[in-house]
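**Q** I need the structure of the sequence given here:
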Amino acid sequence: MRKTVLIADDHPVYLLGLRTLLQAHSERYEVLHEASTTDQLIDKLQQQPADIIITDFSMPGERYPDGRALIQHLRRQWPDSTVIVVTMITNPALLASLARLGVHAVLSKNSLSTELIAALKTSEMPTRTRAGKTAPSVKEALSPKESEVVRLLLRGMTVNEISSLVNRSKQTISTQKNSAMRKLGATSEFELYQYAQKIGLDS
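**A** Below is the predicted model:
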């Protein structure tokens, strides 16, 4: 059965790109709605909810012009919909915040052509780490310093800020972050935040 999809972006080129990517997989995904403002997005979902919502983080609109507030509303009103955010922003605090809100994936607009379909496919898989490990065993595998680095990343701190705070070199912090990502099976910082939350490192 095909999944219904809403795509939203205020830039026509990116909206066309999203539509084209999904039409190439029309046997799996049906573009149900298109929107270029937050108002259109909300109105169309109220008319007919979609299985998957793919939205730009920053769009104009009278309602929910703030991206984070928009995502909060979407997760609250349509909790059964998979939400994927596309953005040019790579701020660690934003990524951690979106992970806490339950966003399935955050994709860079520069790599949509390679990442979007892969992200959609993972949304249909059981929730677990890519390494196939259960959360408790992975948590125990992290060293105390790796866990510390991940907790600070979840607070929105950068590698440089963590380095200054804990008095370790930037290279050491990066190595510990990459080691934690490998153990958690995360392929991006956003996935690291998601998996870390699932094993309770945000507490």
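**Q** okay, CA-based contacts and neighbour counts for the rest of this
**A** Noted.
**Q** mind giving me the packing neighbours of the longest helix anywhere in the chain?
**A** When every helix of the chain is counted residue by residue (DSSP state H), the longest turns out to be helix 170-184. With contacts defined as 3 or more CA pairs under 8 Å, 6 or more residues apart in numbering; DSSP states H and E, the packing partners of helix 170-184 are helix 135-141, helix 144-154, helix 159-166, helix 189-198.
**Q** just the local confidence number for the closest residue to Leu94 other than its chain neighbours, please.
**A** Beyond its immediate neighbours in the sequence, the residue positioned closest to Leu94 (CA to CA, 6 or more residues apart in numbering) is Gly156, lying 7.2 Å away. Reading off the confidence values, Gly156 has pLDDT 84.
**Q** so Gly156 sits against Ala93, correct?
**A** Yes: counting by CA atoms under 8 Å, Ala93 is a contact partner of Gly156 at 3.5 Å.
**Q** looking at these two, which one has more neighbours?
**A** Neighbours of Gly156 and Ala93, each counted by other CA atoms under 10 Å, are more numerous for Gly156; the result is 19 against 15.
**Q** list the contacts of the more buried one.
**A** 91-97 (CA atoms under 8 Å, 6 or more residues apart in numbering).
**Q** tell me the one among those nearest to Asn167.
**A** Of all the contacts of Gly156, Asn167 sits closest to Pro92, with 19.9 Å by CA to CA.
**Q** on that earlier part again, buried among the contacts of Gly156? Make that a PyMOL selection.
**A** Per 16 or more other CA atoms under 10 Å, the buried members of the contacts of Gly156 correspond to this PyMOL selection:
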select buried, resi 92+94+95+96+97
